[in-house]
Every structure is written in C-alpha cells, then in structure tokens.
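J.: Sequence first, predicted model second:
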Amino acid sequence: MSIFKKINKNDEALSMIEVTTLSTVGYLVAKKNPDWVDDMESWYGLFQNTGEFTEVQDMYKHAIHTLIEKVTDDKFLQLQIKNAMTLLEIDFEGPKLPEIAPRYRKIIDAFMSGVKVMK
C-alpha cells in the first residue's frame, strides 16, 4: 500500500503532492521562459471564464499542445511535464467527460500558481 492517499482521479480534489508537482512545473516553465508569463495569464483569465464543457476541452487541449511545442528545446521541462501528467493521469486531449472538467480546472489552477510566482 502506498504511503500517499490514493484519490479517485475523477474527483476534482488534488492531493498535496499533485498540487506541489503542478505548481513546480508552472514555476519552472515561467522561470525558463519569463516572456510567456503574460500570455499564460491572459489565457488563464479566459479559461477561468469558460463554462461549456467543450470550451474547457478545447482550451485545455490547445494550451497543453502549445506548451509542449514551446518546450521542445528543453528536455528537463519536457520530462517534468510528462511526469506531472503521468502522476495525475491526465490526458493531452483534455477531459473526456463533463464530470472530469472540474478536476482539469484544479490542475490548471495549480500550474498557474507556480507561474504567478514569477510575476
């Protein structure tokens, strides 16, 4: 049995280790690429105001693919993003069901908390 509490991945709550992982990745991305911070914050403002499931899906998918594309020259950041996504069992294509969308919102919130530290 794991020493970490196993949470239902359909639950919108995130464990402390997941929040720490995501905020660290957000911080690393922003630290390495400070010129992206304003664009990430603008996107985040739009994301926070999305209401429809398909909008959440589309915005998430676009953001993760853009992020992966932008860090192609940084193997460490690529690894950290992959590790975070594996830990959280999240899909590159975004939430598949509307009931999972709140969890993806929490994931983005945690990532952006790390980005905002660089502001």
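T.: On my side now, so go ahead. Numbering: from 1, shown residues only.
J.: Do a quick rundown of the helices in this protein.
T.: When assigned using DSSP state H, the helices of the chain occupy the ranges 16-32, 37-48, 53-70, 75-88, 101-116.
J.: To Pro95, which of the ones you listed lies closest?
T.: Nearest to Pro95, of all these, is helix 101-116, at 4.6 Å by C-beta to C-beta. From N, CA and C alone the C-beta is placed, and that goes for glycine too.
J.: by contact count, what packs against that closest one?
T.: Contact partners of helix 101-116 among helices and strands, from 3 or more C-beta pairs under 8 Å, 6 or more residues apart in numbering; DSSP states H and E: helix 16-32, helix 37-48, helix 53-70.
J.: what's the most buried one of the ones you listed?
T.: Among those, ranked by average contacts under mean count of other C-beta atoms under 10 Å, first place goes to helix 16-32 (a mean of 18).
J.: and that one with helix 75-88, angle?
T.: Going by axes from the mean of the first three to the mean of the last three C-alpha atoms, to 10 degrees, helix 16-32 is angled at 160 degrees with respect to helix 75-88.
J.: Next, the angle from helix 16-32 to helix 37-48.
T.: Going by the same axes, to 10 degrees, helix 16-32 makes 140 degrees with helix 37-48.
J.: wait, what's in contact with the residue nearest the centre of the chain?
T.: For the chain, the residue nearest the mean C-alpha position is Ile108 (4.1 Å; C-alpha atoms, centre = their mean). When contacts are counted by C-beta atoms under 8 Å, 6 or more residues apart in numbering, Ile108 touches Tyr44, Phe47, Tyr60, Ala63.
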